[in-house]
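S.K.: Following is a predicted model, sequence given first.
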Amino acid sequence: MRTLNYSNIAETLYYKQLANGLRVFILHKKDFQKTYATFTTEYGSIDSSFVVNGNNYEVPDGIAHFLEHKMFEEEKGDVFQDFAKLGGQTNAFTTFNRTTYLFSSTENVRENLEVLLNFVQNPYFTDENVNKEKGIIAQEIKMYQDNPDWRLYFGLLGLMYQESPISKDIAGTVESIQRITKEDLSLCYNTFYHPSNMVLFIVSSWDPIELLAVVENNQTPKKFTSSPDISRNHHHSMQLLTKKKEKTIEIKLAVAIPKLLIGFSDPETGLTGDQYLERELSTLIMLELIFGKGSKVFTELLEAGLIDNDFSFEYQLEKQYGFSTLGGSSKKPVQLLGRIKAELNKAKEDGFDSQMFERVKKKKIGEYLRRLNYPEYIANQFTKYVFNDANLFDMLKVLEEIKLKDINDRLEQFTDFSAVIVNKA
Amino acid sequence: MKQLNFITEEIHGTRLHFLQTDKYKTTIAVINIAIDLTEENVTKVALLPYLLKRGCKNYPSIIKLQEELDSLYGTLLSIDLFKRGEQQIVQFSIEAVNERYLSSDINVLLKAFILLTQVIVEPLNTEEGFNKAYLETEKLLLANRVQSILDDKIRYAEYKTIEHMYEGEPYRLLVYGQTEDLKEIDGTNLYKFYLNWLHSSPIDIFIVGDTDISEISNIIKNNFNFLGSKNSFQPQKERKFSIKEKLVTEELDINQSKLNLGLRSKINISSDAYIDLLVYNGILGGFAHSKLFVNVREKASLAYYASSKLESHQGIITIQSGIEEEQFTAALKIIREQLVMIRNGQVSEQELVLTKALYKNQFMEIIDQPRRLVDFQYHSILSGKRRTIMDYQRSIAEVKLEDVVSVANQVEIDTIYFLTGRGGKQYANIKL
């Protein structure tokens, strides 16, 4: 086991890769009552077309999420109950490229951890339980169909990435999930749930050596096939499908106030390590400088009645793609869109003020430290970064090295945009 | 386990509650100001935090204020509005990074706390009252917030259920206020209202983190000097209600219908039987092993979400679910069956044990989250019923099936609310 000390943030991390390939990280948080653990596979909604050991497969959209639901059912019953007996609360979520299973508990840490490892490594699919889940997931899909933010987001991804799997709803469609069979689920499970494709992250006040022993004693007796040779068909296709021209679409929904979401996709992807962190930080600092709550633009837009306090921006970066989104409620979405474009151009001409830049850097330092209070944030974010060969705990170091020039360079890459407007039905 | 109790001192009628801990990388300060929720005041109160956050004498604009917060290592200054029973609470809070993680030696918390008090007590005003331009913008933004309730259909259905359940009573009011009140509000009358609100409302200040409390205490003495404050909460007035089950339907352009129920009980957080009601809610719909989740979702595949929630001060339970429109009768039947089953004591040993185990865990997890600790403490102050986390643990462990059955028989359906897509009118006349 390796011990990694991060004295600048007063954290100590323990790491070991087990013989079966599983990467185990343990963050020791003294004084915390609860233990929080995530067990994540690098497999999500975009992995619907892949090659394993030379064979080509296409599976219905929404299958990673479907699998996530079905993992909670075991031959002897429901996993929720196994955790509840031990005072553990469990959950799971599926993103474009990850599926995470988790629990939190303030007692029976060893037993809860064993339940987590065992249920994720013990699939149980029958025709009956697969069919029964279809009604439930259909309602989940319909719930999101009524959510304006969700519709904006996927409307935008559709514009930016066209037919690429990232533009499809993570849960699939009511139609696509009807086609899912237990054989499909087994295929995806066997392909993507091999320990070598997974990360276990534990935040706990428990002794890390003891925790690691629990994990090793659980994993060593289990038999796994050799790790499958996987190639995912989207890795090269994602960039080819990225749009080239400016586009706007409108969606009609039962909303009171229209909403706008604008997206800028990154021209190049595939950054790893510190470069990955640098890209993420410089993008967010740049957007903060132009559109943050402390910017002149924010106040002007608010006074002009073009935005609400919910106006915000985000940046998503993964191996396969990177894109920024900006938006919020607006009674005049078309005008707002025009202003955002104009402000980006203005910033390109004027450049950034170095004092403001230093201040926003300070803000980012505080934001980062604040988030380290939350085991949920640490576990989820750390895992995401592992899959991009970056380290969450190197963030401060990278942040301190960012120069104003990096921010200006980043802004130059904000050219072609796509935009979605949700209007009153 | 470490000491978990807040130490409280009174400073000129303001209560300061302090919990010393070095567990976190930040320290939080929370200021809660409570006032009775009334038809007359709800909108004025709802405007205040947003208007005050526009700036203060020393930092007279959003930009100036935000620049200062950013320089204080991104200190968060947040505002919130919420209802607790028939109290409307305005919350101001800051979260500041502890100096030991910073290369500079400024005392971030103290500077941020002074700023916070200035935002509350030194607003931008002229002799006539609040800054007019800011007020007009905030009135528009308030109207937007009220209208936007429609956009999130889950929240909308919850809000409409409460509105129909509490027709004619203050608790039906949306905490963001009412659009129709806005035209009567101007800088002068709002400023007068503000002064009165500040000087006569109970104020509770909470600090959780690693700091020297005497300095905070001094800032309060100098900046927060409201001798007129009345600092005790009146126990919630018992309102007479007669329950006659009613069905309300509504149509919107939506894909998924929402079936929500509002249930009344005569028990609330101040009652001794409250813990029994809590466990009742857990068995009914608080968790993934609960009756609603298991029967509406897992067995019948009718919904993705089907759960219940307890409003502790009001003593009401709300049920929420998202279903296919034509499953209305089927889903309602299953929900009713669950209520009847608990009344009849048809609760397995397992259901009771799991519910207690998960509540136990939930209460323990509060300890790790400063904001939840503050919230927990404030519940106790508002209700006048002091229970520690350990008290909850003990009382929950003692709840027996007959206690649950006893409260189950005091819970009655008041309102059934059904939100459908277009053409769902037929449900209004359905025989319940």
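M.R.: Done, it's in.
S.K.: Give me the residue at the spatial middle of chain B.
M.R.: Chain B has B:Phe82 as the residue nearest its centroid, 4.6 Å off, counting by CA atoms, centre = their mean.
S.K.: cool, chain A as well?
M.R.: Most central in chain A (CA atoms, centre = their mean) works out to A:Thr95, at 5.5 Å.
S.K.: And for the residue nearest to it when sequence neighbours are not counted, the neighbour number?
M.R.: Residue nearest to A:Thr95 in three dimensions, not counting chain neighbours: A:Gly44, with 5.1 Å by CB to CB, 6 or more residues apart in numbering or on different chains. C-betas here are computed from N, CA, C, even on glycine. For A:Gly44, the neighbour count with other CB atoms under 10 Å in any protein chain shown is 23.
S.K.: how about A:Gly44, what does it touch?
M.R.: Residues near A:Gly44 by CB atoms under 8 Å, 6 or more residues apart in numbering or on different chains: A:Ala64, A:Thr94, A:Thr95, A:Phe96, A:Asn97, A:Arg98, A:Thr99, A:Ile170.
S.K.: of the residues you listed, buried ones?
M.R.: A:Ala64, A:Thr94, A:Thr95, A:Phe96, A:Asn97, A:Arg98, A:Thr99, A:Ile170 (16 or more other CB atoms under 10 Å in any protein chain shown).
S.K.: Just the pLDDT for the residue in the stretch 301-432 of chain B positioned nearest to chain A.
M.R.: When distances are taken as CB to the nearest CB, the stretch 301-432 of chain B reaches nearest to chain A at B:Ser301, 3.3 Å away. As predicted, B:Ser301 sits at a pLDDT of 96.
S.K.: any idea how far it is from A:Arg279?
M.R.: 43 Å (CB to CB, to the nearest Å).
S.K.: ok, now B:Arg100?
M.R.: Taking CB to CB, one finds B:Arg100 at 30 Å from A:Arg279.
S.K.: ok, those two, which is more surrounded?
M.R.: Using other CB under 10 Å, the more surrounded residue of B:Arg100 and A:Arg279 is A:Arg279, with 22 against 10.
S.K.: Any residue of the helix or strand where the more buried one lies touching chain B?
M.R.: In this assignment (DSSP states H and E), A:Arg279 forms part of helix A:273-291. No - applying CB under 8 Å from any CB of the partner chain, one finds helix A:273-291 separated from chain B by no less than 8.8 Å.
S.K.: following that helix, which helix or strand comes up?
M.R.: Sequence-wise, the next helix or strand downstream of helix A:273-291 (DSSP H and E) is helix A:296-303.
S.K.: how far out from the middle of the chain is that next one?
M.R.: Relative to its parent chain, helix A:296-303 has a centroid offset of 30 Å by CA atoms, centre = their mean, to the nearest Å.
S.K.: If you average the pLDDT over it, what comes out?
M.R.: Helix A:296-303 comes out at a mean pLDDT of 96.
S.K.: buried set for that helix?
M.R.: So, applying 16+ other CB under 10 Å, buried residues of helix A:296-303: A:Val297, A:Phe298, A:Thr299, A:Leu301, A:Leu302.
S.K.: Can you pull the phi and psi angles for the closest residue in space to A:Arg370 that isn't next to it in sequence?
M.R.: Using CB to CB, 6+ apart and skipping the chain neighbours, the partner closest in space to A:Arg370 is B:Thr26 (5.2 Å). For B:Thr26, the backbone dihedrals (degrees, to the nearest 10) come out as phi -130, psi 170.
S.K.: For the helix holding A:Arg279, which residues meet the burial criterion?
M.R.: With burial defined by 16+ other CB under 10 Å, the residues of helix A:273-291 counted as buried are A:274, A:276-291.
S.K.: now that helix against helix A:296-303, angle please.
M.R.: Angle of helix A:273-291 versus helix A:296-303, following axes from the mean of the first three to the mean of the last three CA atoms, to 10 degrees, is 50 degrees.
S.K.: tell me the secondary structure for the residue nearest to A:Thr95?
M.R.: Of the three states, A:Gly44 takes coil under DSSP: H, G, I helix; E, B strand; the rest coil.
S.K.: same question, A:Asp47
M.R.: Going by three-state DSSP: A:Asp47 is coil.
S.K.: Check B:Leu259 too.
M.R.: Relying on three-state DSSP, one would call B:Leu259 strand.
S.K.: For it, give me its contacts.
M.R.: For B:Leu259, the contacting residues are B:Gln320, B:Ser321, B:Gly322, B:Ile323, B:Phe328, B:Ala331, B:Leu332, B:Ile335, B:Ile416, B:Tyr417, B:Phe418, by CB under 8 Å, 6+ apart.
S.K.: In helices only, show me those residues.
M.R.: If you go by DSSP state H, the contacts of B:Leu259 have B:Phe328, B:Ala331, B:Leu332, B:Ile335 in helices.
S.K.: My guess is the third one contacts B:Ile416. True?
M.R.: Going back to what we said before, that points to B:Leu332. Yes - B:Leu332 is within contact range of B:Ile416, at 6.9 Å (criterion: CB atoms under 8 Å).
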